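1. my questions concern the predicted model and sequence given below.
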Amino acid sequence: MTDLDRFVAQSLPQAMRLDFASAMRTYSVALDHDLFGQWIVTRSWGGKRNNMRGSRVTHVPSFEAGLAMVRAAAKRREKYGYHTLT
């Protein structure tokens, strides 16, 4: 069971956020509600040694769809050598 699976098991269906870091980069992914009560996934990234940062917000139809997007992002970050921050 991964850290993400443990977190999800404790928090269904609440907002969640995961933070990742590599030697030079940071990345976070969050599943939350917007002001209208719709589920959104917010992805943010940046460099540790410069001000190059960015983010993207994606509306998803359900918590499950957002969770699938969070899982995919977490898997991709781990594949690229990022580690989970606490």
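-> Alright, I've got the coordinates.
2. so the residue nearest the centre of the chain bridges to which residues?
-> Most central in the chain under C-alpha atoms, centre = their mean is Val29, positioned 1.8 Å from the mean C-alpha point. Counting by DSSP bridges, Val29 forms beta bridges with Leu18, Arg43.
3. beyond the host helix or strand of Met69, next helix or strand please.
-> Met69 is part of helix 63-79, with elements assigned from DSSP states H and E. Next along the chain after helix 63-79, taking DSSP H and E as the criterion, comes strand 83-84.
4. helix/strand/coil for the nearest residue to Met16 once chain neighbours are set aside?
-> Leaving aside its chain neighbours, Met16 sits nearest to Leu31 (5.1 Å; criterion: C-beta to C-beta, 6 or more residues apart in numbering). From N, CA and C alone the C-beta is placed, and that goes for glycine too. Following DSSP: H, G, I helix; E, B strand; the rest coil, Leu31 is assigned to strand.
5. and the angle from whatever helix or strand Gly54 lives in to helix 63-79?
-> For Gly54, the host element (DSSP H and E) is strand 53-59. Relative orientation of strand 53-59 and helix 63-79, computed by axes from the mean of the first three to the mean of the last three C-alpha atoms, to 10 degrees: 150 degrees.
6. cool, thanks, talk later.
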